[in-house]
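Sequence plus predicted model, see below.
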Amino acid sequence: MLSKSQARAFFLGGTVVTFLIFIGLTIYSLAPGNDQSNHDQITDQVVQGKHIWETNNCMGCHTILGEGGYYAPELTKVVERRGAPLIKAILQSPVPWAPNGRKMVAYEMTDEEADAMIAYLEWIGQIDLNGFDRIVSPLAKDKK
Amino acid sequence: MKYKSQQVAYWFFGLCMLLFALQIVYGFIMGFARIGMDNLHEWIPFNTARAVHTNLLVVWLLTGFMGAAYYIVPEEAQRELVSTKLAYVQLISLAVVGVAAITGYHFNIWEGRKFLEIPRELDYLVVANVLLFLGLILTTLFKGKRQTTTSLVLVMGLVFAALLYLPGMIWFDSQVTDSFFRWWVVHLWVEGVWELIMGGILAFLLIKLTGIDREVIEKWLYVIVGLTFLSGVLGTGHHYYYIGVNKIWLVVGGVFSALEPLAFLAMALFAVYMYRKGEKSHPNKIALFWTIGASIVSFVGAGLLGFAHTLPQTNLYTHGTLVTAMHGHYAFWGAYAMIVLAIISYAMPNITGRKRYNNTNGHLAFWLSNIGMLGMVVALGVAGVVQVYLERRLGMDFMAAQEEVKIHFVVMLINATLFTVGIGIYIYEFIKYGKPSDEALEKTREETVMVTG
């Protein structure tokens, strides 16, 4: 029968080993050679877009890379689906954009802010998502 | 209650009740917005309501864990808390930081990262607050007469939870890296170190409620938390399938997250077996209901419903849909909300000296909230599956699919009302217990003298 000290050894040993493997896999998957995100294409404009994305908590309603609030559309590949002019118009609208009655906050962004958001969303759209990009975007799926 | 300083826990539990009630209010705002009734949009848009709803959840659970630690650690270490005054300072500063953060969300002041919306400036205050809390608990534990496995596992969970908050404070230019390390906080909290906290509280309650030998309970506690880390740490990979990182996570995340239900199954079997094996019939049946209930519902909510969409082949379609919300509600309810309500139910008669347990209201609160939550989860599950089918399989537009699932949110709101009535009764009972009393301390001492004498 298992003793308490054996149970403790199982807990501590298992914890140390799995944490070490986890850190090893983290280093491996974030190594430049394994990059799937086109990290070198992150421009200042993309970073500005990410900053706008975060400071307005867009993720509180939308999803990006499948993560967010499930209340408003997934925005991965949205530029491909809807086109930059429409997105820019929505971001700059002085009245809430409300498709099917579901309202979005009217952010009234400047040209610079809206362009940064589009640059950010375009960069997101180019990421290799291990097949999820084809599921999430019917348009992208049709093109294949 | 053996030590006067354990009374500190009462005020933490009181804050818990307040924040929990507020969390439910914001849940209703979100539910009504989903069926088209978003009249509060101008003041509380959905992203505000959501950030408040989820952050209040995290804060009230952490407040409950802290209250549990202030109640359990002195009793386990067999000494008074090193400083009651500082514990109250910690409580007040926690409440101030929480209120500041939530108020800020209404004025577009946040970080906009799911679950970690608290702005950076307040993050530093959170760190200071948690350091004060850990300082008080660790000093009490190590100055005490004994360091039991139960208290060590509980405190280890709290220390790891504090350490894991730090990766969430690093800024990354890339959304992919940002998301990667955000899960270090969120996943490793809820599917890792929080389970240590849950395990510690569960072990304490089982020792008290069943009368089973501490050595037996603590041995199995090690096995359970061992299984948690073995599966849960590498199980983080199920968040990395489709966010733009290497395919290796499809294999690692798939295999290890499929093993995660085992830890919850072990916890449920452990609790039920200990209850059946126990020779002591503790009169606080309400606490027993919440304790055993937490172990079973966490297995269903976190274990089974998590497994339902954790394999990469399934998650490819369910990732980023209401299926996740379904799993999230039942997992948080079973694993963490119920265990906090269990320790409150156990501690209140001991802190106040009023033995109001085993009354009709207590049972009503348990059943109504559980039935209501199950109904909410079923409604969310149906909405999620329909969304996946329409949007991901048939290629329907997001908003067109949302129109189709609207009716399920009406069902969810009806069940949420039932849930709210249950929680309302729980809070009413909490208030009826009244404030901490030194008589409770004297009674326990008299009982101890009678038993030992």
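Looks like it arrived, so ask away.

Can you give the contact residues for stretch B:173-189?
The set of residues external to stretch B:173-189 that reach it, using C-beta atoms under 8 Å, 6 or more residues apart in numbering or on different chains, is A:26, A:30, A:36-37, A:39, A:42, A:46-47, A:50, A:53, A:64-65, A:67, A:120, A:124, A:127, B:113-116, B:160-161, B:164-165, B:167-168, B:170, B:172, B:232-233, B:235-236, B:239-240, B:243-245. Quick note: C-beta positions are derived from backbone N, CA and C, even for glycine.

Can you select the buried ones from those in PyMOL?
To isolate the buried subset of these in PyMOL, counting by 16 or more other C-beta atoms under 10 Å in any protein chain shown, use the following:
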select buried, (chain A and resi 26+30+36+37+39+42+46+47+50+53+64+65+67+120+124+127) or (chain B and resi 113+114+115+116+160+161+164+165+168+232+233+235+236+239+240+243+244+245)
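
Which of the contacts of stretch B:173-189 fall in strands?
Among the contacts of stretch B:173-189, the members falling in strands (DSSP state E) are A:64, A:67.

Below-threshold pLDDT in chain A: ranges please.
When residues are selected by pLDDT under 70, those of chain A lie in A:138-144.

any idea where the helices of it begin and end?
Using DSSP state H, the helices of chain A run over residues A:4-30, A:44-55, A:78-82, A:84-92, A:111-125, A:132-136, A:138-143.

Need these in CSV (columns: distance to chain B).
Compiled in CSV, the helices of chain A are given as follows (distance: least, C-beta to the nearest C-beta, whole Å):
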stretch, distance to chain B
helix A:4-30, 4
helix A:44-55, 4
helix A:78-82, 10
helix A:84-92, 13
helix A:111-125, 6
helix A:132-136, 3
helix A:138-143, 4
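
closest one to residue B:368 among those?
helix A:4-30 (37.4 Å; C-beta to C-beta).

Low-confidence regions, chain B specifically.
By pLDDT under 70, the weakly predicted segments of chain B are B:442-453.

In it, which residue sits nearest chain A?
Using C-beta to the nearest C-beta, the single residue of chain B nearest to chain A is residue B:47, 2.5 Å away.

That residue - nearest residue in space that isn't next to it in sequence?
Residue nearest to residue B:47 in three dimensions, not counting chain neighbours: residue A:60, with 2.5 Å by C-beta to C-beta, 6 or more residues apart in numbering or on different chains.

Can you report how many residues lie near that neighbour?
When neighbours are defined as other C-beta atoms under 10 Å in any protein chain shown, residue A:60 has 25 of them.

now the one 3 residues further on
Residues near residue A:63, counting by other C-beta under 10 Å, number 24.

so what's it bridging to?
Using DSSP bridges, the bridge partners assigned to residue A:63 are residue A:68, residue A:74.

hang on, it packs against residue A:77?
No. Residue A:63 sits out of contact with residue A:77 when judged by C-beta atoms under 8 Å, with a separation of 11.9 Å.

Please enumerate the shared neighbours of the two.
When contacts are counted by C-beta under 8 Å, 6+ apart, residue A:63 and residue A:77 are jointly contacted by no residue.

Which residues are in contact with residue B:66?
Taking C-beta under 8 Å, 6+ apart, one finds B:12, B:90-91, B:94, B:133 in contact with residue B:66.

Out of these, who's the most crowded?
Comparing the contacts of residue B:66 on neighbour count, residue B:12 comes out first with 26 neighbours (neighbours: other C-beta under 10 Å).

Might you report the residue contacts of that residue?
Applying C-beta under 8 Å, 6+ apart as the definition, the contact partners of residue B:12 turn out to be B:63-64, B:66-67, B:70, B:91.

Of those residues, just say which sits nearest to residue A:16.
Set against residue A:16, the nearest of those by C-beta to C-beta is residue B:66 (27.4 Å).

Checking the residue of chain B closest to chain A next. Helix, strand or coil?
Classification of residue B:47 by DSSP: H, G, I helix; E, B strand; the rest coil places it in helix.

And the longest helix seen in chain B, what's buried?
Among the elements of type helix in chain B, defined by DSSP H, the one spanning the most residues is helix B:398-433. Within helix B:398-433, the residues that qualify as buried are B:398, B:401-402, B:405, B:408-409, B:411-413, B:415-420, B:422-423, B:425-427, B:429-430, B:433, counting by 16+ other C-beta under 10 Å.

same deal with stretch B:351-363?
Within stretch B:351-363, the residues that qualify as buried are B:351-353, B:356-357, B:362, counting by 16+ other C-beta under 10 Å.

swap in stretch A:79-90?
Applying 16+ other C-beta under 10 Å to stretch A:79-90 flags A:79-81, A:84, A:87-88, A:90 as buried.

just stretch A:91-108 next, same as before
Here stretch A:91-108 shows A:91, A:96-97, A:102-107 as buried, counting by 16+ other C-beta under 10 Å.

Can you name the residue of chain A nearest to chain B?
Per C-beta to the nearest C-beta, the residue of chain A with the smallest distance to chain B is residue A:60, at 2.5 Å.

Touching, that residue and residue A:69? I think so.
Yes. Under the criterion of C-beta under 8 Å, residue A:60 lies in contact with residue A:69, with a separation of 5.0 Å.

Show me whatever sits in contact with both of the two.
B:46-47, B:50, B:114.

Many thanks, have a good one.
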